[in-house]
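Undergrad: 3D, please:
(one chain, ligands or ions: 1)
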Amino acid sequence: ILEEGLMKGMSVVGKKFSKNEVFVPDVLMSAKAMNSAMPYLKSAFETGEAKHKGVFIIGTVQGDLHDIGKNLVRMMMEGVGWKVIDLGVDTPPEKFLQAVKENPKAVVGMSALLTTTMVNMEKAVKVLKSEYPDIIIVVGGAPLTQEFSDKIGADRYCPDPQACIEYLDERLSLSGN
Ligand code: B1M
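TA: Predicted coordinates:
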């Protein structure tokens, strides 16, 4: 149900959103439809019949209260099979670090919408990478670029949720799972 139905559907929506063929409300509706099915599948996850792709920790960085984009990424990631831990908005580096300590194999996603909070993203990336050099960190948000992501030592800038999904599928060889 998850792999051949729901995830395939979300993938179609994600690709269309990337190409501006559908818009934020369409993605929200699809993600809500997807999420409404998840409780029925919970027992399969608990017995190990269905597996998550991994744990994805996401938060909007310290000082930043914008969460619409971050929530979209969360829903899309859940939609394609990641277990998501959402740290919310205004997330200090220590909170990211604590979440990684509790989930050492997790991938981390950070969102920033303000030029003034991009500097806090840099701080959070540095703290995580110094304690966990192999951790994968993806970043996104309207003012960001790949150049900025490279400069602060993150692994990849994702302009939209689909880019995030495709990058992690490829990097972790998850396609087709
Ligand atoms: Co704010 N705001 N805002 N705001 N706000 C912007 C961002 C701004 C560009 C407006 C403007 O001046 N034109 C401007 C930033 C300027 C700058 O820094 N260069 C701005 C400002 C200045 C401010 C305040 C400082 C205003 C004030 O108080 N004087 C203040 C700051 C508060 C704070 O955070 N401390 C503020 C407040 C607010 C509201 C609370 C009113 C509200 C936020 C509500 C909420 O999020 N719950 C708000 C909003 C709504 C906006 C705009 C209008 C819309 C942002 C949005 O949600 N876009 C925005 C102007 C604009 O963009 N037109 C603006 C839709 C969303 C789906 O897109 O978040 O980019 P986005 O996410 C995309 C991608 O970026 C990507 O995927 C999403 C889907 O494609 N993405 C990721 C995002 N995170 C990702 C993470 C990933 C991967 C992809 O991996 C982890």
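Undergrad: got the phi and psi for the most far-flung residue of the chain relative to its centre?
TA: Here the chain reaches farthest from its C-alpha mean at residue 47, the gap being 24.9 Å by CA atoms, centre = their mean. Backbone torsions for residue 47, taken as degrees, to the nearest 10, come to phi -90, psi 0.
Undergrad: go on, residue 85?
TA: Per degrees, to the nearest 10, the backbone of residue 85 is at phi -110, psi 110.
Undergrad: hey, what's the residue nearest to it when sequence neighbours are not counted bridged with?
TA: Using CB to CB, 6 or more residues apart in numbering and skipping residues adjacent in sequence, the residue nearest residue 85 is residue 57, 4.7 Å away. For every residue, glycine as well, the C-beta is placed using N, CA and C. Counting by DSSP bridges, residue 57 is bridged to residue 85, residue 108.
Undergrad: give me the number of residues near residue 57?
TA: 25 (other CB atoms under 10 Å).
Undergrad: circling back: distance check, the residue farthest from the centre of the chain against residue 84.
TA: 21 Å (CB to CB, to the nearest Å).
Undergrad: quick one: find the helix or strand in this protein with the lowest mean pLDDT.
TA: helix 24-47 (a mean of 82; mean pLDDT, DSSP states H and E).
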